[in-house]
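Enquirer: Here is my input; please provide its structure:
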Amino acid sequence: MMEEELYGLFERYTAMPHGSERIDAIREAVKKADKWGDDYWRLKNRYQLAIEQYRYDDSGKVLPMIAEYVAIFEKKYFDTGKSPTHQQLGEYLYLLDLALNVFGILPQLPLTQGRQLEEQYWNALKRFGYGKADYYDRRYFQLRYEDRLEEAEEVFELWEEERQGSARQVTSCEGCIKSIQIRHKLHQGKRDEALKLARPLMDGTIQCSYEPWRSFRLFMNNSRNRGDLGGMKYYGRQLTRRLGWDENADEMSLLSYYALLDIPRGLKTVETSIDEIFHKWNQCSRWRGFMEAWLFFSQAAHTYETVSLAMPKTFPLYREDGQYNTAELAQWFHEGALEIARKFDERNQSSYYQNKMQRAWDGMQKMTGESNE
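Expert: I've put the predicted structure just below:
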């Protein structure tokens with residue numbers, strides 16, 4: 001009877017659409033499994049909750065749930081010598097991988113904690129005979145965030161070697177693997193080679209739940225930073241066509257595109273999306289949102305001295321009459337983005353995030369000059 005009820009709760013929440021109602025239902029299932037002490041469902045429901053929060057809520061909130069999962073898993077299988085199922089092992093390793101990704105979006109976590117997570121992940125992969133490609137993947141990007149570029153290149157070579165081997169890896173998604181290669185080529189300044197790698201993702205030849213939104217956005221931002229107005233227009237159009245039905249769609253990421261081509265639509269996007277950004281634990285999301293708003297309002301200020309916006313009352317510059325000075329908005333969002341960038345850079349002992357802001361600004365200024373010729 002207990003097993004049937006727990007399975008029924010699982011069927012109920014997996015039938016729900018993604019979002020807050022489904023998250024609440026999974027939380028109830030977690031409590032029920034804990035009450036009855038069923039370790040299978042204690043693990044299963046926590047895994048489902050972590051994935052749901054990461055993909056469809058706020059990825060910055062999932063570390064506590066991952067920590068609970070890992071503690072239950074290791075007590076059950078490390079301390080007793082029992083063997084997990086293949087599925088449970090895959091979920092355990094994937095959540096360790098996810099924990100490293102979440103570390104990268106929370107600058108308040110010290111580098112020492114990041115290294116501890118890396119070591120825990122490495123040891124788990126070794127213990128269960130998995131390959132180390134996913135470890136090298138996370139290590140590569142963290143080294144880039146720390147501006148340790150030579151070491152990052154060495155680690156990327158190790159990643160490539162692991163991928164060419166026969167060992168089982170945690171990530172088998174061809175689209176996600178291709179995305180890592182694309183970003184590496186862009187880091188090297190080899191845009192043409194990156195585009196060649198991206199074509200099967202953009203045309204749907206290679207399927208991935210994050211694609212093609214991820215690749216289109218990546219190349220749109222790369223075009224922006226290079227001051228390539230033509231590329232900005234092309235990839236921006238591809239993204240706008242996916243709004244409203246692509247589950248990865250994030251219209252805030254299009255603000256710099258709207259700044260150049262559709263300021264009224266950008267204003268509407270700020271109204272409908274900014275409140276969610278304010279409540280994000282994910283500091284990368286907050287930083288990107290603030291940076292996009294800074295670029296947008298800096299450009300809008302050339303055309304409008306003031307704009308009418310229905311901003312949430314939680315906004316520090318909130319005005320009841322809804323009239324805002326665009327230059328003041330640009331300054332506020334710039335300061336907000338810069339504060340977050342500095343926190344990341346101070347943690348990582350680098351200037352990675354501040355440099356990204358500068359490249360985005362320089363690219364926008366270049367395109368503005370071209371568009372006014």
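
Enquirer: can you tell me how far residue 337 sits from residue 107?
Expert: 13 Å (Cβ to Cβ, to the nearest Å). In this view, the C-beta of every residue, glycine as well, is placed from N, C-alpha and C.

Enquirer: who's more crowded, those two?
Expert: Legend: neighbour count by other Cβ atoms under 10 Å for residue 337 and residue 107, higher for residue 337 (25 against 20).

Enquirer: Doesn't the more buried one belong to a helix?
Expert: Yes: checked against DSSP: H, G, I helix; E, B strand; the rest coil, residue 337 lies within a helix.

Enquirer: Please name the nearest non-neighbouring residue to it.
Expert: The shortest distance from residue 337 to any non-neighbouring residue, by Cβ to Cβ, 6 or more residues apart in numbering, is to residue 290 (3.8 Å).

Enquirer: so which helix or strand takes in the one you found?
Expert: For residue 290, the element it lies in under DSSP states H and E is helix 283-300.

Enquirer: Partner strands of the helix or strand just after that helix and their direction?
Expert: Proceeding N to C from helix 283-300, the next assigned helix or strand is strand 306-308, under DSSP H and E. Sheet pairing here is set by DSSP bridges, and for strand 306-308 it gives strand 323-325 (antiparallel).

Enquirer: what about the strand it pairs with, average pLDDT?
Expert: What strand 323-325 shows for mean pLDDT is 98.

Enquirer: Let me know the pLDDT of residue 314.
Expert: At residue 314, pLDDT is 88.

Enquirer: mind listing what it touches?
Expert: Residues counted as contacts of residue 314 (Cβ atoms under 8 Å, 6 or more residues apart in numbering) are 275, 278.

Enquirer: one more time with 10 Å
Expert: Applying Cβ atoms under 10 Å, 6 or more residues apart in numbering, we find residue 314 in contact with 274-275, 278-279.

Enquirer: For residue 67, give its distance to residue 80.
Expert: For residue 67, the distance to residue 80 - Cβ to Cβ - is 20 Å.

Enquirer: Give me the more crowded residue out of those two.
Expert: Taking neighbours as other Cβ under 10 Å, residue 67 and residue 80 compare with residue 67 leading, 14 against 8.

Enquirer: Is the closest residue to the more buried one other than its chain neighbours within a helix or a strand, and which one?
Expert: Closest residue to residue 67 in three dimensions, ignoring its sequence neighbours and counting by Cβ to Cβ, 6+ apart: residue 99, at 8.0 Å. For residue 99, the host element (DSSP H and E) is helix 86-103.

Enquirer: Likewise for residue 185?
Expert: Under the assignment here (DSSP H and E), residue 185 is part of helix 174-187.

Enquirer: Show me what the next helix or strand after that helix is packed up against.
Expert: Per DSSP H and E, the first helix or strand lying C-terminal to helix 174-187 is helix 191-202. When contacts are defined as 3 or more Cβ pairs under 10 Å, 6 or more residues apart in numbering; DSSP states H and E, helix 191-202 sits against helix 174-187, helix 213-226, helix 229-240.

Enquirer: Just the CA trace of the shortest one, in CSV.
Expert: Below are the C-alpha coordinates for helix 229-240, written out as CSV (Å, rounded to 0.1, in the frame of the first residue of the first chain):
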residue,chain,number,x,y,z
LEU,A,229,25.4,44.1,-36.6
GLY,A,230,24.5,41.7,-39.4
GLY,A,231,25.2,38.7,-37.2
MET,A,232,23.3,40.3,-34.3
LYS,A,233,20.2,40.8,-36.5
TYR,A,234,20.3,37.2,-37.9
TYR,A,235,20.7,35.3,-34.7
GLY,A,236,18.3,37.7,-32.8
ARG,A,237,15.6,37.0,-35.4
GLN,A,238,16.1,33.2,-35.0
LEU,A,239,15.6,33.6,-31.2
THR,A,240,12.6,35.9,-31.4
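
Enquirer: helices and strands around it, which ones?
Expert: Here helix 229-240 touches helix 191-202, helix 213-226, helix 255-261, helix 352-371, going by 3+ Cβ pairs under 10 Å, 6+ apart.
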